[in-house]
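> Okay, here's the prediction I keep looking at, along with the sequence it came from:
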Amino acid sequence: MNQMMINDYISALLKANVSVDDINKTKSVIDSTNEVAEILDSPSVPAQEKENAIKELFPKSIRGVIAKISDEMQLNEFSQIAKEYLIELDKRNNIANAVIRCVTDPSAEQLEGFKAFVCKETGAADAKIEIVKDPSLIGGFVIDVDGKQFDRSLKTKLNSIKESVEKNAVQNNNIDTAGIISILKEDIKEFEFETKDEEIGTVISVGDGIATVYGLNSVMYGEIIIFESGVKGMVQNIKKNSIGCILFGSDDEISEGSRVKRTGKKAGVPVGEGFIGRVVNALGEPIDGKGKIDADDYRLVEQPAPSIVERKSVSKPLETGILAIDSMFPIGRGQRELIIGDRQTGKTSIALDTILNQKGKDCICIYNAIGQKASTVAKLVGDLEKHGALEYTIVVCSTAADPASLQYISPYSATAIAEYFMYQGRDCLIVYDDLSKHAVAYRAISLLLERPPGREAYPGDVFYLHSRLLERSSRLSDELGGGSITALPIIETQAGDVSAYIPTNVISITDGQIYLEADLFFAGQRPAVNVGLSVSRVGGAAQTKAMKKASGSLRVDLAQFREMEVFTQFSSDLDEETKASLVYGSGLMELLKQPLGNPMSLAQQVITLVAAIGKRFVGVEIKNIKKYQAEMLKYISENHKEIIEKINTEKVLTDELKEQILNAVDEFEK
């Protein structure tokens, strides 16, 4: 029976003005024998016979409510209704109800003292005290009154001493015996019971990582609450008579009637320099077995995005090291560029290469795995470590085995960690892999919280789910330090359907997308970037002058080649100009192939593009182009170091430098 039904029955009893005597008489009749309940609860007993039994056994004022209870539920539920009705009556008569948990029964004098305390706290004229024996308290007592808890138990005091000892041990990095003894002496010397004023709630129902709690009338949306088993939860639904919360742990030890208390804090994660090079879960706790992380600060997982005034335009490039992207769809620091494509088309590979390319560029990278297999994340961490990239990378992980609540909060936690560095004036790159699974986790939570489903069963605020996350990625103004967060969200499509609900949502939030095509991938074009559907709406402004000039007509040439290739694939009779265009286009496509874990420097990309658009690869067989490119770049780096240095330092491609590059390529060819 839920709280709403109980409230309905209480309202009916109040309307009928049922007295305390009538309630007690009814309880005694129901509790005295099982025969009454068997008659009234049985569907085989005729309605007239039930009506006669109710008239004969129960006071007139309560007969209507008893008839309703026997129709809608079991009669033994009446005791709970009666208990809450009597509390409501007491409230109306300015009498407070309190529960005192203690190890031994209080004396008459102590009981009067308790009554006086309850009356003072509630402002009531009188108080009713219920005594509950609880040996686990060791000594002292706990008073529950009006949704608050006043804890003066020995158990709580000992826990407080334990926490002080543990804190001292952590701060001093070892267990200092002298320090522990001094803490114990101080606590024992000044031993007194502290009154802890806490708001307490009760679990109505729990299951599937969701708990419904009655009470906690002052709780905030997004606040962390703690269950008596120690499991934490976050408030997600606030209704008139109850709240719904998601659990950040197992619900095995939580049951109906379990007690819950507020923390007064919204969900947050520890942040700091110590997180660099570590693997943590969605709550910022280390899961890599390398020990505790010393945090410098604590940031809320939900933060408002920087305002327009606090931002500045994207004008500094974030190079991925991938020729196909840096030349045609450049990404700037502070931009949000979506990586979208079917399963197993190289989305994570692009993100990994981008992280590897940030080595030595003063950019903190954060990889956020959402709903991935633990083995997949472990392999990725291994790759980062092998390439020396883990020393500037943080991995925030919520695996497929984690509850939906942790998968939901994971990207917000990762962004909070990134914001810590951004507000210090540093540049960050954050990869969300992937937001499709994030939306699925949020849908599961929303349906369990009984929110109305919309398109594809997603809740109505699923757009806001990702927009409030991605809007936090930006480039801050110089007054705020000029730091930035560049976001690379990943979305998985089904059979290339970019018009599905979640893909269209994220496309409209981001500043461009890199679309990976399955057909290109299986044809051996890797990265399988579709030139027609991919776009960068900001990065051109952040592209270096050298790259902008070198890439020239590359994108147009490739688009023309793809179109011509489709029209000429069934034709055998082609003119020489068309054949030359196809050979040139095929060479460009071959040049854009790039193996995983081999990002290119700016100079290598510029030299390759100048040579390609200068038609220096036209005479090379398609199968030999990549080998030719590698040998050419090696030759120039060994024999023309001044070209490499000029591109990397000045980042400008003059006509003179362009001529130098072409001459160096011709020299290599001879």
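Received it, and whenever you're ready, just let me know what you need.

> All the helices of the stretch 351-500 of the chain, in order from the start?
In the stretch 351-500 of the chain, the helices defined using DSSP state H, counting those that start in this stretch lie at 374-386, 404-422, 435-448, 462-470.

> Kindly compare burial across these and name the winner.
helix 404-422 (a mean of 26; mean count of other CB atoms under 10 Å). All C-beta atoms are positioned from the backbone trio N, CA, C, and that covers glycine.

> Please work out the angle formed by the directions of that helix and helix 462-470.
Angle of helix 404-422 versus helix 462-470, following axes from the mean of the first three to the mean of the last three CA atoms, to 10 degrees, is 30 degrees.

> Quick check: next helix or strand after the worst-scoring helix or strand of the chain on mean pLDDT?
When the helices and strands of the chain are scored by mean pLDDT, DSSP states H and E, helix 177-189 comes last with a mean of 61. Per DSSP states H and E, the first helix or strand lying C-terminal to helix 177-189 is strand 197-207.

> Mind giving me the packing neighbours of that following strand?
On a contact count with 3 or more CB pairs under 8 Å, 6 or more residues apart in numbering; DSSP states H and E, strand 197-207 meets strand 148-153, strand 210-215, strand 242-247, strand 259-266.

> Out of the ones you listed, name the one with the poorest average pLDDT.
The minimum mean pLDDT among the helices and strands packed on strand 197-207 belongs to strand 148-153 (a mean of 80).

> Show me what that one is packed against.
Using 3+ CB pairs under 8 Å, 6+ apart: strand 148-153 touches helix 108-122, strand 140-145, strand 197-207.

> Give me whichever of those is most buried.
Among these, strand 140-145 has the highest mean neighbour count (mean count of other CB under 10 Å), at a mean of 20.

> Alpha carbons of that one, in PDB - could you do that?
C-alpha atoms of strand 140-145 as PDB (Å, rounded to 0.1, in the frame of the first residue of the first chain):
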ATOM      1  CA  GLY A 140      22.500   7.100  24.900                       C
ATOM      2  CA  PHE A 141      19.400   7.600  22.700                       C
ATOM      3  CA  VAL A 142      18.100   8.900  19.300                       C
ATOM      4  CA  ILE A 143      14.900  11.000  19.100                       C
ATOM      5  CA  ASP A 144      12.900  11.100  15.900                       C
ATOM      6  CA  VAL A 145      10.400  13.900  15.800                       C
END
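
> what residues does it touch?
If you take CB atoms under 8 Å, 6 or more residues apart in numbering as the criterion, strand 140-145 is touched by 96-103, 106, 114, 117-118, 121-122, 134, 149-157, 193, 200.

> For that strand, which strands pair with it and how are they oriented?
strand 95-102 (antiparallel), strand 148-153 (antiparallel) (DSSP bridges).

> by how many degrees do that strand and helix 108-122 diverge?
Using the same axes, to 10 degrees, the inter-axis angle of strand 140-145 relative to helix 108-122 is 40 degrees.

> Please state the mean pLDDT value computed over strand 140-145.
Average pLDDT, strand 140-145: 83.

> Also stretch 587-600?
On average, stretch 587-600 scores 91.

> hmm, who's touching that stretch?
By CB under 8 Å, 6+ apart, the surrounding residues in contact with stretch 587-600 are 320-324, 349, 352-354, 356-357, 383, 387, 524-527, 529, 554, 557-558, 561, 608, 612, 617-618, 620, 622, 625-626, 629.

> Fine, thanks again, bye for now.
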